[in-house]
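Novice: Below: sequence and its predicted model.
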Amino acid sequence: MTDRHPAAAARRALGIYAPLLVFVAFALFPVYHMFLTSVKTDRALYNLSLNPLMVSLGALTAEHYRLLFTDTLFSTWLMNSLLVSLSSTAISMVISILAAYGLTRIRFRGADAFGIAIFITYLVPYSLLFLPLTRVVSWLNLSDSLWALVVTYPTFLVPFSTWLLMGYMKTIPEEIEKSAMIDGCNRLQILTRIIIPLAVPGIVCATLFAFSLAWNDLLYSLVFISPTEKKTLTVGVLTELIRGDVYFWGSLMGGALIGSVPVVVFYAMFMDYYVSGMTAGAIK
Amino acid sequence: MAKLVVENLTKRFGSSTAVDRLSFVAEDREFLVLIGPSGCGKSTTLNLIAGLDEASAGRIYIGERLVNHLHPKDRDIAMVFQNYALYPHMNVYANMAFGLSMRGYSKTEIDGRIHEAAEILGIGDLLLRKPKALSGGQRQRVAVGRAIVRKPAVFLFDEPLSNLDAKLRVQMRAELSKLHQRLNTTIVYVTHDQVEAMTMATRIVLLKTGCASRSAGRSSFTAGRSTRSRPVSSAPRP
C-alpha cells in the first residue's frame, strides 16, 4: 500500500496534517492578531461591532508604525536591546563553555558538587535576585547604564547555558580527547580545536536560548534603567506607549511585532543545528 | 623504535587497585601482547604508558628515558583506540595530519608521510572523506594510519579489532602482522582475544587482576601450560 492510495492519504491528512494545522493556527494566532491590530485605524480598532479578526481595505493604515518610528525612540530601544542581548549572550557563552568543559572533563575535587550548585543557582527566581543586584549595580556605579544589564544578565544566562552545555559535552567521547592529547594538544587547544567544533549544535542551541532570555527580559531593564534613551525595547514599548490609562494599541502591537523579528530570524537561521549529528562516524 | 620497560607499575582508584606492581619489558621491534579478562587492568596499563593517566607508583621507560612525568605528546608514542577516536569534523587527510601539524612539521613533510601511510594501508582514495562516510574497517585503517605517520618509538593498540566483524578481524590481524614486519617497530597490543594474541604476538604477557601472571613467547603458550600465577620471566622469541 503506497501513500498515493486514497485511504492512506486521507489517514495521513487526518492523523498528521490536521493536528499540525490546529497547532500552527494556535501558535500563530497571537502574531496574526498583533499584525492586524498594528495595521488597523483607531476607528476600526475601537468599533466593537466589527470582526476583530478581519480588516477591510479602507481600515488599513501605516500611521501606527509612523508614530512608532518618529514620535518615540523605538529605533534607539531596538539598538539598545540588540547591544545588550548580544553582549550579555557573548559573555555568558564564553563563561559557560569554559565552565562546562572544566566541569565535565577535568577531574578535580568537587566538580560534581559545582555542577549541581550551578543548576541550583538557576532555580533561584530571578525576580528575587534583582534586590541584591540593585546594590551591586549601584556599587559598580552602573545605574541607568546599559552596562548594568550586560553585567546582570549573565547571572541567569550562565547557569542555564552551562547546564545545557555540560549535558552536551558529556556525549562527546573521551577517546577523542585522549587522541588529541597524544597528538600534542594542551587543554585549551583540545577545547578550541576539537570540543567546540564538535559541540557547535549544543553551543548554537544554548546561544539561541540565552539570546531569547536576554532579549525578552523586562524586569531588570525596568529596575536598573530610567532614562528613555537608555531603555530596551521591552521596557520602552511598555512604558512609552501606555501613557496613564491611554493605550496606543496599534503602535504597541507594531512594536511587539517588530521586536519579535530578530529572535524569529535567528531561530530560523540556525534550526538545522538542532538536529545535525556531528559525532556520527567518530566511534562505532 | 625503542625498548619499553615497565617496572612495578601501580594504579589505584580510591581503595581499589587496577594495576598492581606490574613489570614487563617490550624489547625493541617486538610485538608484545597484553592479554587478560575484562577488568584485569590492560587498558589502564596502556593509558599509563601513554601518559593519559598518572601512575600511583612504578616507572615507565621508553628507550632510555624515564617518561612518568612527561606529557603524552612528549613520550614519542602513538595509540590506536578500540573505537577509532577519529575527529569527526575533519576528513581523513586532516585526521592524519593533525598530530604532525601540532608538532610543527612542514606541509611537504606532512603530505609525504600521509601519502606513504595511505599507500601502505590502501586508503589513498579515502583522504577527502569524513569518518562518517567510512566503513568500520576503513575507519580502523585511518586510525592506524594516524599512528603510522607519527613514526613513534612505540605503538600502543587498545583492542583495535574488537568492534569489527569476525571476517574483517581475521583480515586486519594479517594486515597488522604484515605492518609490524614492514615498519619493524615496537608494538604493545592489548586484547582479550586469545586467537589474536596467538596469531600476532612475538611475546605474550598474561594479566590477571592487575598483575602479570605469566610472560612468554607465543610458542610457550601454545604448548598448553598452566596460567596460574608464576614469577614473570622473559622468554626469547620463537
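Specialist: Yep, it's here. Numbers count the residues shown, from 1 in each chain, chains lettered A, B, ... in the order given.

Novice: and the residue of chain B nearest chain A?
Specialist: residue B:132 (2.8 Å; Cβ to the nearest Cβ). (C-beta placed from N, C-alpha, C; glycine too.)

Novice: What's the local residue count around that residue?
Specialist: Counted with other Cβ atoms under 10 Å in any protein chain shown, the neighbours of residue B:132 add up to 14.

Novice: Hmm, residue B:88 and it touching each other?
Specialist: Yes: look at residue B:132 against residue B:88 with Cβ atoms under 8 Å: they come within range, at 6.5 Å.

Novice: Next secondary structure element downstream of the strand or helix carrying residue B:32?
Specialist: Assigned by DSSP states H and E, residue B:32 belongs to strand B:31-35. Per DSSP H and E, the first helix or strand lying C-terminal to strand B:31-35 is helix B:42-50.

Novice: which other helices and strands contact that next one?
Specialist: Helix B:42-50 sits against helix A:174-183, strand B:4-13, strand B:16-26, strand B:31-35, strand B:77-80, strand B:154-158, strand B:186-191, with contacts defined as 3 or more Cβ pairs under 8 Å, 6 or more residues apart in numbering or on different chains; DSSP states H and E.

Novice: at 6 Å instead, please
Specialist: strand B:16-26, strand B:154-158 (3 or more Cβ pairs under 6 Å, 6 or more residues apart in numbering or on different chains; DSSP states H and E).

Novice: Taking strand B:4-13 as reference, get the angle to the helix or strand just after that helix.
Specialist: Counting by DSSP H and E, the element after helix B:42-50 in chain order, helix or strand, is strand B:57-62. Relative orientation of strand B:57-62 versus strand B:4-13 (axes from the mean of the first three to the mean of the last three Cα atoms, to 10 degrees): 150 degrees.

Novice: hmm, strand B:57-62 touching chain A?
Specialist: No: residues of strand B:57-62 are not located near chain A by Cβ under 6 Å from any Cβ of the partner chain, the shortest gap being 13.2 Å.

Novice: ok and that strand relative to strand B:154-158, angle-wise?
Specialist: Using the same axes, to 10 degrees: strand B:57-62 against strand B:154-158 is 120 degrees.

Novice: tell me which parts of chain B are close to chain A?
Specialist: Residues of chain B lying near chain A (Cβ under 6 Å from any Cβ): B:52, B:72-73, B:79, B:81, B:83, B:85-86, B:88-89, B:98-99, B:102-103, B:131-132, B:136, B:163.

Novice: where does the chain have low pLDDT?
Specialist: The chain I'm using is chain A. A:1-4, A:274-284 (pLDDT under 70).

Novice: I was after chain B.
Specialist: B:209-238.

Novice: switch the cut-off to 90
Specialist: Chain B contains residues with pLDDT under 90 at B:1-2, B:13-21, B:36-42, B:64, B:82-84, B:120-121, B:136-137, B:160-184, B:192-202, B:206-238.

Novice: So for the longest helix belonging to chain B, what gets flagged as buried?
Specialist: As assigned by DSSP state H, the longest helix anywhere in chain B is helix B:166-183. For helix B:166-183, the neighbour count (16 or more other Cβ atoms under 10 Å in any protein chain shown) marks B:169, B:172, B:173, B:175, B:176, B:177, B:179, B:180 as buried.

Novice: now do stretch A:238-252
Specialist: Per 16+ other Cβ under 10 Å, stretch A:238-252 contains these buried residues: A:238, A:240, A:241, A:248, A:249, A:250, A:251, A:252.

Novice: could you dump the residues you listed to CSV with distance to residue A:201 and secondary structure?
Specialist: What follows is the buried residues of stretch A:238-252, written out as CSV (distance: Cβ to Cβ, whole Å; DSSP: H, G, I helix; E, B strand; the rest coil):
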residue, distance to residue A:201, secondary structure
A:238, 35, helix
A:240, 39, helix
A:241, 38, coil
A:248, 42, coil
A:249, 40, helix
A:250, 40, helix
A:251, 39, helix
A:252, 36, helix
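
Novice: Show me the two of the residues you listed that sit farthest apart.
Specialist: Using Cβ to Cβ, those span at most 15.1 Å, a distance reached by A:238 and A:250.

Novice: Where does the record place the domain boundaries for chain A?
Specialist: A:6-61, A:72-275 (automatic domain parsing).

Novice: The last one vs chain B: in contact?
Specialist: Yes: Domain A:72-275 comes into contact with chain B when judged by Cβ under 6 Å from any Cβ, the residues involved being A:175, A:176, A:178, A:179, A:181, A:182, A:183, A:184, A:197.

Novice: Which of these sits closest to residue B:62?
Specialist: So of the residues of domain A:72-275 next to chain B, ranked by how close each gets to residue B:62 (Cβ to Cβ), first place is residue A:182, at 13.2 Å.

Novice: and that closest one, how far is that from residue B:100?
Specialist: According to Cβ to Cβ, to the nearest Å, residue A:182 stands 12 Å off from residue B:100.
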